[in-house]
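Peer 1: My questions concern the predicted model and sequence given below.
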Amino acid sequence: MQDEQGLVRQAQQGDKDAFAELYETYFDKIYRYVFLKISNKAEAEDMAQQVFLKAYQSIGSFKWKGVPFSAWLFRIAHNQIVDFIRKQSKRPTVRLEESMVSSDDNPLRTVESRFDIERLRLATRQLTAAQQEVISLRFAGGLAIADVARTMGKSEGAVKALQHSAVAALRKVLLAGE
Amino acid sequence: MKKGKEFNNILDECLERILVNGETIEQCLERYPEYAAELKPLLLTATATNEAIVDVTPSPEFKARARYQLRVEMAGSDIKKKRFFLAWQPRWAAVLVTVLAVVLLGGGTVLAADSDNTIPGNPLYAVKLATENVRLALTSSDVAKAELYAALVDRRTSEIEQLMKRGKTELAQRTVARLKSHLANIYSLSPASQSTIGPEITEKDPVAPEESSVKPDVAVQDIATAVSAAERTRLQVLLGRYIVSHPDEIRTMVEEAPPSVKLALTRVIVASVNSYVDSCQKAIRESKQSQNGEETDTSNGASDNSNQQPGESDMGPGTSNQQSGESDKGPGTSNQQSGTSNQQSGASSLAPASSVAQSSTAR
C-alpha cells in the first residue's frame, strides 16, 4: 500500500483507484465511529457511505496542513452526525439510572469479560461530549493520540488526560451497570 | 499534577502497545510495576471497549452496495471539474448505472431485482436499491420525487410485512429505518417544511399568522412562481395524504421535535391535512357531478362516449380512480391515485405512488 499522502494526491488528480484504496482503508473505521454515536445500524451504514461520497466530491479542496486525511474524514463524519441529529430532532437519549453511575467501584467486579456494543454505547452516553469524542476517535476510529488531538483541535497532553478520564468514567459506569 | 501527566503518558503508551503492537496487558504492567495497580483496571476496560467496537462491521450486503455506489459516483464525476459539472453528476451517474446494469446484469435481472418479491436478504436486493437510487437521480421535480418516495414507502412496508412473516426481525428493523428515511425525505421536500419551519417561525414568534408562509408567493406573481405554487400545492396534498396514512409516524415526529419547531410542525401538519381533505372533497364533488351528468346524458339518450374518466383532469390524490360508492372512504384510502394526469418527467418510467398504493389496497 502506498503512503497515505501519495494516495490522497493521486485521488485529488482524479485517480479513482487511489480514492478506492482510501475508502477501503477507512470505511469500517468511519462506520464504527458513526455507529457508536447514533443508535441505528442502517442509518450508520448510509451515513458512512455519505461521508465518502462527500469526501470524494470535496477531496480537491483538502490541503495537507498538519492535519491527516483521516482527521479530515472524521471531521466530515462528525458534521454529518450533527446534521443528522438536528434533522431527526434527536430521539431522547437513554439515560441510565442515577444509581447506576454512582461510585460503587467494587474491586471484585471486573469488566474484562466481553460486553456487547449496545451496552458500551449506553455507557458512553454517560460521559462528557469530549470524553465521548476521544473514545469514538481512539477506539472506533482507530486513530493515534496525535491524530485524535489534531482532529479535536486540542493538545496531545489534553487528549491524553481526556482519554484517562474517559476510560476511568467508562469503567465506573460499566461496573455500576453490572 | 506532574505525576498525573506522567501517568497519562504511560497509559497511552500501554494502549498503543496493546492495541497496535499486540502486546498483552501483563507485558505492559511489567514495564511499569509501580503503576500496575492503577493501570490494570483501565487497560482491562480499554481493551474490552476496543474488542466490543472492533466486532462492529457493516453487513457484507451493504458493503457490496456501498462499493458499487461509490464506483458509480466516481465514474460519473470528475474531481477537477467538479464545480462546473456538479449539477450534472447525479444524472450522468444514474444513466451510467442504468447502462451498466443492463449491460452487465441483463435487463431481465434488473427487472427481477426491481420487484416486490426481492426483499432484504435476497442477493438481488442491492440491485433493487441501486435501481431505486437511479430513479431518484433521474427525477428532477420535487413533486415527482415526493411521489417516488411515497412509492418507496409502500415498497418498504410490503418488505417489512414479508420479513416479519418469515421471522427476520433484524432485517425488518433495518427496513423500518429505510422507510422512516423515505418519510423524512417526503417531509423535507414539502414546501411547508422548507418555508414554515424556517427562520421566520421560531420560539420568538410563536403566534405568527398561518398564512405567513404563503405571502411571498402571492407577492411575486409571475409564471415561474405560478408553476412553482401549483407544485407546492400538490406537494402539500401529497404530504397530507401521508400524514393521514401514517398517524403513528407523524405523532412520533411531533413528540420528538424540539420545542422550537413543534408549533410550526403542528401547523404544517394541519395545513397539509386540510389541503388533502380539500382535494378529496373536490374530487368527490367532481365525481358526483360527472356521474350525474352521465346519468342525465344517458336518460336523455345523449351520451357522447367521452373517454374522460371521473376526476381525470384533477391532479389531486383520490381523484382519478375514485369510483361510485367509494366516496365515503376516508382520506388515505389506498385506492386513490396521486397526480396521475400531471405526472412529472422522470416519474413516468417509475412505479408511481398511485400504482403501489393500489397494490397496498390488496394487502
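Peer 2: Okay, I see it. Residues are numbered from 1 along each chain as shown, chains lettered A, B, ... in the order given.
Peer 1: which ones are touching A:L73?
Peer 2: Residues near A:L73 by Cβ atoms under 8 Å, 6 or more residues apart in numbering or on different chains: A:Y26, A:I30, A:V51, A:A55. Quick note: C-beta positions are derived from backbone N, CA and C, even for glycine.
Peer 1: Among those, which ones are in helices?
Peer 2: Under the assignment DSSP state H, those contribute A:Y26, A:I30, A:V51, A:A55 to helices.
Peer 1: Which among those residues count as buried?
Peer 2: By neighbour count, with 16 or more other Cβ atoms under 10 Å in any protein chain shown, those hold A:Y26, A:I30, A:V51, A:A55 as buried.
Peer 1: A:R121: which of those residues is nearest?
Peer 2: The shortest approach to A:R121 among those belongs to A:I30, at 16.6 Å (Cβ to Cβ).
Peer 1: per-residue confidence at that closest one?
Peer 2: As predicted, A:I30 sits at a pLDDT of 94.
Peer 1: Tabulate the buried ones among the ones in helices among the contacts of A:L73 (TSV), appending distance to chain B.
Peer 2: Putting those into TSV (distance: Cβ to the nearest Cβ, whole Å) gives the following:
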residue	distance to chain B
A:Y26	12
A:I30	10
A:V51	11
A:A55	10
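Peer 1: how about stretch B:116-136, does it get close to chain A?
Peer 2: No - using Cβ under 8 Å from any Cβ of the partner chain, stretch B:116-136 never reaches chain A; the gap is at least 9.8 Å.
Peer 1: thought A:N40 was touching B:T175?
Peer 2: No - if you go by Cβ atoms under 8 Å, A:N40 and B:T175 don't touch, sitting 12.0 Å apart.
Peer 1: out of these two, which sits in the busier spot?
Peer 2: It is B:T175, of A:N40 and B:T175, that has more neighbours when counted by other Cβ atoms under 10 Å in any protein chain shown, with 25 against 20.
Peer 1: close to chain A, is whichever strand or helix holds the more buried one?
Peer 2: Assigned by DSSP states H and E, B:T175 belongs to helix B:169-189. Yes - counting by Cβ under 8 Å from any Cβ, chain A has neighbours in helix B:169-189: B:Q173, B:R174, B:T175, B:A177, B:R178, B:S181, B:A184, B:S188.
Peer 1: what's the neighbour count on the fourth one?
Peer 2: Spelled out, it's B:A177. B:A177 has 17 nearby residues by other Cβ under 10 Å.
Peer 1: now, which of the ones in helices among the contacts of A:L73 sits nearest A:A176?
Peer 2: Once Cβ to Cβ is applied, the member of the ones in helices among the contacts of A:L73 that ends up nearest A:A176 is A:I30, at 30.8 Å.
Peer 1: List the contacts of B:L171.
Peer 2: B:L171 sits next to B:I119, B:P120, B:G121, B:L163 when contact means Cβ under 8 Å, 6+ apart.
Peer 1: Now stretch B:273-284: buried residues?
Peer 2: Buried residues in stretch B:273-284 (16+ other Cβ under 10 Å): B:V273, B:S275, B:Y276, B:V277, B:S279, B:C280, B:A283, B:I284.
Peer 1: What mean pLDDT does stretch B:64-84 get?
Peer 2: Stretch B:64-84 comes out at a mean pLDDT of 66.
Peer 1: whoops, stretch B:30-37 was the one
Peer 2: 92.
Peer 1: End to end on that stretch, go ahead and measure it.
Peer 2: Using Cα to Cα, to the nearest Å, the span of stretch B:30-37 from its first residue to its last is 11 Å.
Peer 1: Now do it: everything it contacts.
Peer 2: B:F7, B:I10, B:C14, B:L29, B:L39.
Peer 1: Highest neighbour count among those?
Peer 2: Among these, the one with the most neighbours (other Cβ under 10 Å) is B:C14, at 24 neighbours.
Peer 1: which SS class is that one?
Peer 2: Judged by DSSP: H, G, I helix; E, B strand; the rest coil, the three-state class of B:C14 is helix.
Peer 1: which one is it nearest to, not counting chain neighbours?
Peer 2: Spatial nearest neighbour of B:C14, chain neighbours left out: B:C28 (4.0 Å); criterion: Cβ to Cβ, 6 or more residues apart in numbering or on different chains.
Peer 1: Can you tell me how far that neighbour is from A:V134?
Peer 2: Distance of B:C28 to A:V134, given as Cβ to Cβ, to the nearest Å: 20 Å.
Peer 1: who has more neighbours, the two?
Peer 2: A:V134 (29 against 22).
Peer 1: next one: phi and psi at that one?
Peer 2: phi -60, psi -50 (degrees, to the nearest 10).
Peer 1: Now A:G66. Its backbone dihedrals?
Peer 2: phi 80, psi 0.
Peer 1: Let me see the contact set for the spatially closest residue to it that is not a sequence neighbour.
Peer 2: Distances taken as Cβ to Cβ, 6+ apart place A:R150 nearest to A:G66, at 6.7 Å, with adjacent residues excluded. Counting by Cβ under 8 Å, 6+ apart, A:R150 touches A:G66, A:V67, A:P68, A:A71.
Peer 1: For the last one, which residues are in contact?
Peer 2: By that I understand A:A71. Counting by Cβ under 8 Å, 6+ apart, A:A71 has contacts A:L143, A:D147, A:R150, A:T151.
Peer 1: Does it belong to a helix, a strand or coil?
Peer 2: If you use three-state DSSP, then A:A71 falls in the helix class.
Peer 1: Just give me the neighbour total for B:L19.
Peer 2: B:L19: 17 neighbours (other Cβ under 10 Å).
Peer 1: Help me confirm that it comes into contact with B:N50.
Peer 2: Yes - between B:L19 and B:N50 there is a contact under Cβ under 8 Å: 5.8 Å.
Peer 1: What segments of the stretch 101-250 of chain B are helices?
Peer 2: Secondary structure of the stretch 101-250 of chain B by DSSP state H, counting those that start in this stretch: the helices cover B:107-113, B:125-138, B:142-165, B:169-189, B:191-195, B:215-219, B:223-245, B:247-256.
Peer 1: so where is chain B shaky, pLDDT-wise?
Peer 2: B:1-3, B:76-115, B:190-236, B:249, B:256-265, B:293-363 (pLDDT under 70).
Peer 1: Leaving out chain neighbours, which residue sits closest to A:I85?
Peer 2: Nearest to A:I85 is A:I38, by Cβ to Cβ, 6+ apart, at 7.6 Å.
Peer 1: swap in A:Q50?
Peer 2: That would be A:Q80: by Cβ to Cβ, 6+ apart, it lies 6.0 Å from A:Q50.
Peer 1: Just the element for the one you found, please.
Peer 2: Of the helices and strands defined by DSSP H and E, A:Q80 is found in helix A:69-87.
Peer 1: Torsion angles phi and psi at A:N40?
Peer 2: Torsion angles, degrees, to the nearest 10, at A:N40: phi -150, psi 120.
Peer 1: nope, A:L143 is what I was after
Peer 2: Taking degrees, to the nearest 10 as the convention, A:L143 sits at phi -80, psi 150.
Peer 1: Verify the contact between it and A:F74 for me.
Peer 2: Yes - at 7.3 Å, A:L143 and A:F74 qualify as touching, with contact defined as Cβ under 8 Å.
Peer 1: what residues are shared contacts of the two?
Peer 2: A:L137, A:T151.
Peer 1: ranges for the helices of chain A?
Peer 2: Under DSSP H, chain A gives helices at A:4-12, A:16-37, A:41-58, A:69-87, A:117-124, A:129-135, A:145-152, A:156-177.
Peer 1: If anything else comes up later, I'll come back, but that's it for now.
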